[in-house]
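Student: here is my input; please provide its structure:
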Amino acid sequence: MTVSGAVATVGVLALQGAFSEHIQLLRQAAECLRTQNTHHHHLNWTFIEVKTPAELVTCDALILPGGESTAISLVAERSGMLEPLRNFVKVLRKPTWGTCAGLILLAEAANRTKKGGQDLIGGLDVRVNRNHFGRQTESFQANLPLPFLGDSGVDQPFRCVFIRAPVVEKILPHRTGIQTEEACSNDTIVAPSKTPVDELAKEELNADVEVMAKISTRSPALKDNEEHDHPGKEDIIAVRQGNVFGTSFHPELTEDPRIHVWWLEEVVKAVEKRQQFELADRSK
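Tutor: Residues are numbered from 1 along each chain as shown. Model (predicted):
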């Protein structure tokens, strides 16, 4: 990845949802990186729509887009993509980012869901509350500071678009196996357990969940929303666990590439870390 002319392939799951919008912003983000004075500028990025296991195998990283999480999981199951996706995220532990519906799919537990209503991929030790902010008609936007973007993320708030969005309701303890306690709850589904392929994948899987962004429940947009209770002072809307990242909102529905730039930089770090691990392993 650090060698001039190296290629990194990023896939966007294209079974349903806003996948083309992600591709457009990824291209903008790659151009931003090329103009920066960092070692990332000489990378040749390839961005592809992923619909088959064969396409997924070629990817160094993956985005699960916003859309309908139930529809995405159903199409993934019927098209033979569900297990390859779980392998990508939980066994190989490659860099993955889920937006809105993608965050739901990456959660280890999701409530407000009938048993058997949909499948989860897993990868983030969190419980999400589906459709937390209400119905389609109660969609809203909020300009929020995002410190993980650096100074620009604080000085220039990001326009976050929430459409039938989930929130992270609870950060769960890491379990070897499924989230047993969550599985016993009504209207809650859990992701199946998977075994990481090696020590590096296990390290990423066992990382602590980091809260990356919150929204104040005193926001006028939320105070006007009577669909759900907001018992705390803040709702968690972005988390990261190792190299798996999830956001409640839709950065792909803006013209702002900053989160995509940040994420591509994280992809570079993850792929370089994998290369160094494999090189050290071969030299033993």
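Student: drop to CA atoms for contacts and neighbour counts, all remaining ones
Tutor: Will do.
Student: poorly predicted segments of the chain, please.
Tutor: Scanning the chain for pLDDT under 70 picks out 1-5, 37-42, 113-117, 132-138, 218-232.
Student: quick one, helices of it?
Tutor: For the chain, applying DSSP state H gives helices covering 19-35, 53-57, 69-78, 82-86, 101-106, 151-155, 180-183, 199-205, 220-223, 258-282.
Student: okay, those helices, which one's buried deepest?
Tutor: Ranked by mean neighbour count, the helices of the chain are led by helix 101-106 with a mean of 32 (mean count of other C-alpha atoms under 10 Å).
Student: may I have that one exported as CSV, CA atoms only?
Tutor: Output of helix 101-106 as CSV, limited to C-alpha atoms (Å, rounded to 0.1, in the frame of the first residue of the first chain):
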residue,chain,number,x,y,z
ALA,A,101,-29.2,0.4,7.5
GLY,A,102,-25.5,-0.6,7.3
LEU,A,103,-25.1,0.2,11.0
ILE,A,104,-28.0,-2.0,11.8
LEU,A,105,-26.5,-4.9,9.9
LEU,A,106,-23.2,-4.5,11.6
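Student: residue 142 is nearest to which of the helices of the chain?
Tutor: helix 220-223 (7.7 Å; C-alpha to C-alpha).
Student: wait, what's in contact with residue 97?
Tutor: Counting by C-alpha atoms under 8 Å, 6 or more residues apart in numbering, residue 97 touches 62-64, 103, 244-247.
Student: out of those residues, which is most surrounded?
Tutor: Using other C-alpha atoms under 10 Å as the neighbour test, the contacts of residue 97 are led by residue 103, with 36 neighbours.
Student: residue 92 is in contact with residue 196, isn't it?
Tutor: Yes - using C-alpha atoms under 8 Å, residue 92 is in contact with residue 196, at 6.3 Å.
Student: circling back to that earlier point, Throw the helices of the chain into JSON lines and include distance to residue 10, thanks.
Tutor: JSON lines is the format used below for these (distance: least, C-alpha to C-alpha, whole Å):
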{"stretch": "helix 19-35", "distance to residue 10": "9"}
{"stretch": "helix 53-57", "distance to residue 10": "9"}
{"stretch": "helix 69-78", "distance to residue 10": "18"}
{"stretch": "helix 82-86", "distance to residue 10": "14"}
{"stretch": "helix 101-106", "distance to residue 10": "16"}
{"stretch": "helix 151-155", "distance to residue 10": "24"}
{"stretch": "helix 180-183", "distance to residue 10": "32"}
{"stretch": "helix 199-205", "distance to residue 10": "19"}
{"stretch": "helix 220-223", "distance to residue 10": "34"}
{"stretch": "helix 258-282", "distance to residue 10": "9"}
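Student: so which of those is nearest residue 8?
Tutor: Across the helices of the chain, residue 8 has its closest neighbour in helix 258-282 (8.3 Å, C-alpha to C-alpha).
Student: and the angle from that closest one to helix 19-35?
Tutor: Relative orientation of helix 258-282 and helix 19-35, computed by axes from the mean of the first three to the mean of the last three C-alpha atoms, to 10 degrees: 70 degrees.
Student: any idea how far residue 74 is from residue 53?
Tutor: Using C-alpha to C-alpha, to the nearest Å, residue 74 is found at 15 Å from residue 53.
Student: ok, back up a step: quick one: which of the contacts of residue 97 is nearest residue 84?
Tutor: Taking C-alpha to C-alpha as the measure, residue 84 lies nearest residue 62 of these, at 12.1 Å.
Student: list the contacts for the closest one?
Tutor: Residues in contact with residue 62 (C-alpha under 8 Å, 6+ apart) are 10-13, 94-97.
Student: tell me which of these fall in strands.
Tutor: 10-13, 96-97 (DSSP state E).
Student: now the buried members of those residues.
Tutor: Buried members of the ones in strands among the contacts of residue 62, scored by 16 or more other C-alpha atoms under 10 Å, are 10-13, 96-97.
Student: wait, doesn't residue 126 sit right on residue 171?
Tutor: Yes - between residue 126 and residue 171 there is a contact at 4.5 Å, judged by C-alpha under 8 Å.
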